[in-house]
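J.: Predicted model and sequence below, questions to follow.
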2 protein chains.
Amino acid sequence: MSRLDSFIRRMTAQRDILNHICDGVKYLDGPVIELGLGNGRTYDHLRERFPDRRIIAFDRAVGSHKSSTPQPDNLIIGEIRDTAQTFVGVDAALVHADIGTGYDEKDAVTLTWLPQLAVALLAPQGIVASGLELRHPALEQLPLPASVKPGRYFLYRRVE
Amino acid sequence: MSRLDSFIRRMTAQRDILNHICDGVKYLDGPVIELGLGNGRTYDHLRERFPDRRIIAFDRAVGSHKSSTPQPDNLIIGEIRDTAQTFVGVDAALVHADIGTGYDEKDAVTLTWLPQLAVALLAPQGIVASGLELRHPALEQLPLPASVKPGRYFLYRRVE
Ligand SMILES: C[S@@+](CC[C@H](N)C(=O)[O-])C[C@H]1O[C@@H](n2cnc3c(N)ncnc32)[C@H](O)[C@@H]1O
Ligand code: NI
Ligand code: NI
């Protein structure tokens, strides 16, 4: 399987998961957090699914398409590990994190801080969808939609 | 439809088209040209489909994953409009161009030079697959695979 094939599968898994959880997220208050704005395609999808929700996007640099660039107060530029500290306790309904790099060593560094950060951003019962597997006692795995093969994308609920 | 949805459709169209034409391309001599290396995912797909073929990739900067970065002599860095001139007459079996930006004004500039460049790189009967529509008298549209909606990706043969 080529990297193009697996990329298509990963993007499709991401999209299917976000569609799958969006009804559940509607019963939770709090903003949606997009960690890794990138081109802004997923941000656009989140905005379509959660039209009335505040969506706060993070990236180390603005690389998004003009049409998918959040307003300045919802666009936090810098290293997520640092910039997101200000938002601890924001009680997010949903955290989406697509910040894997395709390099295991780099992703291992991300995983030293991402799980506890996700928990700290989430409301109780809040949901996190992530391209990287998150291991944390406060995160309970949720069933994936049938279209998504386990391990392709990850879905959890904050249970503590 | 969100930009994530249309991106997934475009990437799937690209992949399906490359799979669709690969048998035909095997009957043509000449290298494969990848205009716009990007992350290198499509380069990886081309390499998988054409393991014995020289693949020459172009981009203005190296942004590819380590595992999908061509050897230096097959990686041409700079503005494609300029750098590809050296390769005019290379008689490529396949030119793949994924250099749309999502900005109509920018893409319009690209389209002032891309169609004739594609023709100049191709062997007679060579094939070009492109994310942008190419209009040129020497390029004849080829039927798309059934999975690809017309207008999502473009496929031509050099007929002159
Ligand atoms: C794979 S892309 C996200 C793509 C996005 N889902 C889209 O729709 O375009 C990952 C993004 O996360 C950003 N990123 C990764 N790790 C980061 C970190 N530690 N701090 C800030 N930004 C980070 C990168 O700059 C990159 O733009
Ligand atoms: Ni569902
Ligand atoms: Ni076919």
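T.: Perfect, thanks for sending it. Residues are numbered from 1 along each chain as shown, chains lettered A, B, ... in the order given. Ligands and ions are numbered 1, 2, ... in the order given.

J.: alpha carbons only for contacts and neighbour counts from here, please
T.: OK.

J.: What's the first helix or strand after the strand ranked longest in chain A?
T.: Longest strand in chain A, counting residues (DSSP state E): strand A:122-130. The first helix or strand that comes after strand A:122-130 along the chain, using DSSP states H and E, is strand A:139-141.

J.: Sheet partners, orientation included, of the helix or strand that comes right after that next one?
T.: Sequence-wise, the next helix or strand downstream of strand A:139-141 (DSSP H and E) is strand A:154-158. Strand A:154-158 sits in its sheet next to strand A:122-130 (antiparallel), strand A:139-141 (antiparallel), going by DSSP bridges.

J.: quick one: low-confidence ranges for chain A?
T.: Applying pLDDT under 70 to chain A flags no residue at all.

J.: picking that back up, just send the strands paired with strand A:154-158 back as TSV, with distance to B:D104 and mean neighbour count too.
T.: Below are the strands paired with strand A:154-158 laid out as TSV (distance: least, C-alpha to C-alpha, whole Å; neighbours: other C-alpha atoms under 10 Å in any protein chain shown):
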stretch	distance to B:D104	mean neighbour count
strand A:122-130	32	25
strand A:139-141	42	19
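
J.: Centre of the chain to stretch A:15-23, how far?
T.: Put simply, stretch A:15-23 sits 12 Å off its chain's centre (C-alpha atoms, centre = their mean, to the nearest Å).

J.: Say whether ligand 1 is contacted by it.
T.: No - Stretch A:15-23 does not reach ligand 1 (C-alpha under 6 Å from any ligand atom); its nearest approach is 9.9 Å.

J.: surely A:D107 meets A:G100?
T.: Yes - in this structure, A:D107 is within contact of A:G100 by C-alpha atoms under 8 Å, at 5.9 Å.

J.: intersection of neighbour lists for these two?
T.: A:L132 (C-alpha atoms under 8 Å, 6 or more residues apart in numbering or on different chains).

J.: The strands paired with strand A:154-158: which one's closest to A:D52?
T.: Ranking these by proximity to A:D52 (C-alpha to C-alpha) places strand A:122-130 first, at 17.3 Å.

J.: buried ones in the longest helix anywhere in chain A?
T.: The helix that spans the most residues within chain A, counting by DSSP state H, is helix A:3-25. Using 16 or more other C-alpha atoms under 10 Å in any protein chain shown as the test for burial, helix A:3-25 gives A:3-5, A:7-18, A:21, A:25.
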